[in-house]
Each structure stands twice: as C-alpha cells, then as structure tokens.
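# Mind looking at a prediction? Sequence and model below.
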Amino acid sequence: MEGSPRYRCGSCELNGLTTKSLTKAEKLWKHFRNAHGCSGDVDFRDYRCCHKLCFEAESFSGLFFISQNELAKHARLQHPEGPEIHKIDPPCHPDKPSVHRRLSFDHCSASEAKRSNTPGSDFGQAATTALLTDNEHELEKQGAVKEDFQRCMKILDANDDFQFAIALLDTQCQRGNWISERLLGRLGLSHLISKSTVTLDMRSASGHRVESRGTIRLQWKWHPNGTCIKHETFYILGDVTEIDVVIGRDYIVKHGLLRPDPAAFMPLIQHEKTTEADKAQIASLEEKQRQDKAALAARAAQRAAAQQAAQQAQQSANSQG
C-alpha cells in the first residue's frame, strides 16, 4: 500500500541476507526474536540508519537494526564518508512499540541524529561509532568496561536550541572546565565571552602553553539522559580545532562522573613558574641530549666510512679477479 512504511531487517541486510519488507514494526520485532534470538522490547527509533541513501532506498523508512552496535557497523561499511542527515522525518506510526531501551547512557543515538537539522555536525561520529552492545552495556553498569573519558552533551546556543558537543573528562585538568572558541562561534555565543575575568596560564601534557581567552556562562545538559539544565562557567580555549569541551577534575569529582585514575595521561595540567633550579636542571638535560646526539652521529659516520671502505675493497678484489 503506497504511503505505508516499509521495514526491513538491517541485521540481515548487513550479512548479505534478503528479507521481505514488513508493514508493521511488530512483525519486524517478531522477525528479530525468531531470526536473531533477541529478547525484550526495543524502541526502533533508536536503531534506525538515518543516512539519506538508506531513506531513498527504503522510501523514507530507512533500515532498522537489532542493536546500535550493528547500526555502527553498517555505517562504517555503507557510509564511510560520514553521516548525512535526511531532513524529512518519517511520520509517527501507532504500530511502533512504545517501550524504550537505550544501550548507552552517554552516547548519541541515531534517532537524535535524524531529528537534527545540521548535516555533518560533530556528534555524527559518536552516533555511529561510539556505541555499546547489549553485553557491554551490562558490563558497563558493573564498572567492567574501560572508560573512554568522554561524554556527549547538549549546549544551549544563541537561538535557544540545544547543540551537540563532545566533552573530554580530563582528570589532570586542575582548574575549571574549558570550551573551544571555535565551538562558541558555531553556537553564536562569541559575543557573550567575558574578557574582564582573570585568565589562566596552563600547560598541555606536551608542554605547550594554553591560555584562557576569557570566560563564559553556559547552559547545558548531558545527553541522552539530560533531564536537568546546568549552569556553569567555562574558560575559553583558543586556537584549538581538535577539542570541543574539557571537563576538569574538580567537576568530575564533585559530581561523581567517574573514578579518577591517577595514572591516566590527560591533556591539561596546571602551570607553575620555572625556578632557577629547574632551569639549571633543564639546561643540564639539554646539554646531555646534545652530547648523546653528537656521539650517535659520530658512530653513524664511522659505520658509514667502514661500509664504504669495505665496498671499495670488494670492488677492487672483483676487478683484479
């Protein structure tokens, strides 16, 4: 019947199996139970491929998957160029199951990607790659999954809309929370940056200077379980293209986001002025490095000269023979 949604099993499609189109979500769920041994209730909107090609192929209904993990696998294989969001939302159908089950409390779901009107935005990669299987979800609740030190968050922009960003949980960032100046420009909030506050002088783990360009008061929430709007002051990161947001140690400990690992190697550490003793020690180490490099260069030159002499001797012996 024209206009009705057509559901196909993305799990079967991914494994090269053909399945007939189904007109009711309950039939697709029955197929999941019988063919893939899945139990429980699933909100199919969490596991739909939102790429434009899938919408075109399936007449606006897309492909449905049994888990977000298989959705991520499909995206890597079929859409390696990245997520492209189709702006035409399929209508709501009463035959879809109403019970929701999310596999990961801190990663973007495909349904949120579909509902966004910003194609190619930063959250797309998290929506298709940083996903957990059912077993990993159970292990995560027990604290057995390795922490990736990042969370998805929504920040209120200048148009009073929530936009996605990736927050790095930095257990070694000793002063406050940070946000990139580039991201603030994309959110239309650059005019709210306060330059009158005291700036911080920080050092990255690689030794580069990181200077705050001011502060800004933001409204934001965690995603997708963000039910409370938070108000926090962030320092401004300038000339940074690889980082959106850094959540510092104080906030992590205060709100119990994770159990800090003292051995973790994180981006930011507090910078202190170098003393005369430190300068002398640094000069001594640099001199030792120069001496070591000179010794290595001398040995390399000796080896090269010996090899050249051996080659000449071999050539001379060959010519005499």
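Done, it's in.
# partner residues bridging residue 152?
Bridge pairing for residue 152 (DSSP bridges) gives the partners residue 166.
# my guess is it meets residue 226, correct?
No. Counting by CB atoms under 8 Å, residue 226 is not a contact partner of residue 152; they are 9.1 Å apart. Every residue, glycine included, has its C-beta placed from N, CA and C.
# Which one's more surrounded, those two?
Between residue 152 and residue 226, residue 152 has the larger neighbour count (other CB atoms under 10 Å), namely 24 against 15.
# quick one: pLDDT of that one?
Note on residue 152: pLDDT of 87.
# do the same with residue 148
Reported pLDDT at residue 148 in the predicted model: 73.
# Count the neighbours of it for me.
Counted with other CB under 10 Å, residues neighbouring residue 148 total 12.
# go on, residue 161?
14.
# And residue 181, by the same measure?
Neighbours of residue 181 under the rule other CB under 10 Å: 16.
# so it touches residue 238, yeah?
Yes. The criterion here is CB under 8 Å, and residue 181 meets it with residue 238 at 4.9 Å.
# where do the contact lists of these two overlap?
Common neighbours of residue 181 and residue 238 are listed as residue 213 (criterion: CB atoms under 8 Å, 6 or more residues apart in numbering).
# Ranking helices and strands of the chain by mean pLDDT, which lands last?
Lowest mean confidence among the helices and strands of the chain (mean pLDDT, DSSP states H and E): helix 123-128, at a mean of 32.
# For the longest strand along the chain, buried residues please.
Longest strand of the chain, by residue count under DSSP state E: strand 209-222. By 16 or more other CB atoms under 10 Å, the buried positions in strand 209-222 come out as 210, 212, 214, 215, 216, 218, 220, 221, 222.
# what's the most distant pair in the residues you listed?
Across these, the longest distance by CB to CB is 26.3 Å; it joins 210 and 221.
# picking that back up, can I get the CA coordinates of the longest strand of the chain in PDB?
Extracted C-alpha coordinates of strand 209-222, given in PDB (Å, rounded to 0.1, in the frame of the first residue of the first chain):
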ATOM      1  CA  ARG A 209      51.200  26.900  26.700                       C
ATOM      2  CA  VAL A 210      47.400  27.000  26.900                       C
ATOM      3  CA  GLU A 211      46.000  30.400  27.800                       C
ATOM      4  CA  SER A 212      42.400  31.200  28.600                       C
ATOM      5  CA  ARG A 213      40.900  33.900  26.400                       C
ATOM      6  CA  GLY A 214      38.200  34.800  28.900                       C
ATOM      7  CA  THR A 215      35.200  33.000  30.500                       C
ATOM      8  CA  ILE A 216      31.500  32.400  29.500                       C
ATOM      9  CA  ARG A 217      28.500  31.200  31.400                       C
ATOM     10  CA  LEU A 218      26.800  28.400  29.600                       C
ATOM     11  CA  GLN A 219      23.500  26.500  29.900                       C
ATOM     12  CA  TRP A 220      23.900  22.800  29.000                       C
ATOM     13  CA  LYS A 221      22.800  19.200  29.900                       C
ATOM     14  CA  TRP A 222      24.100  15.700  29.400                       C
END
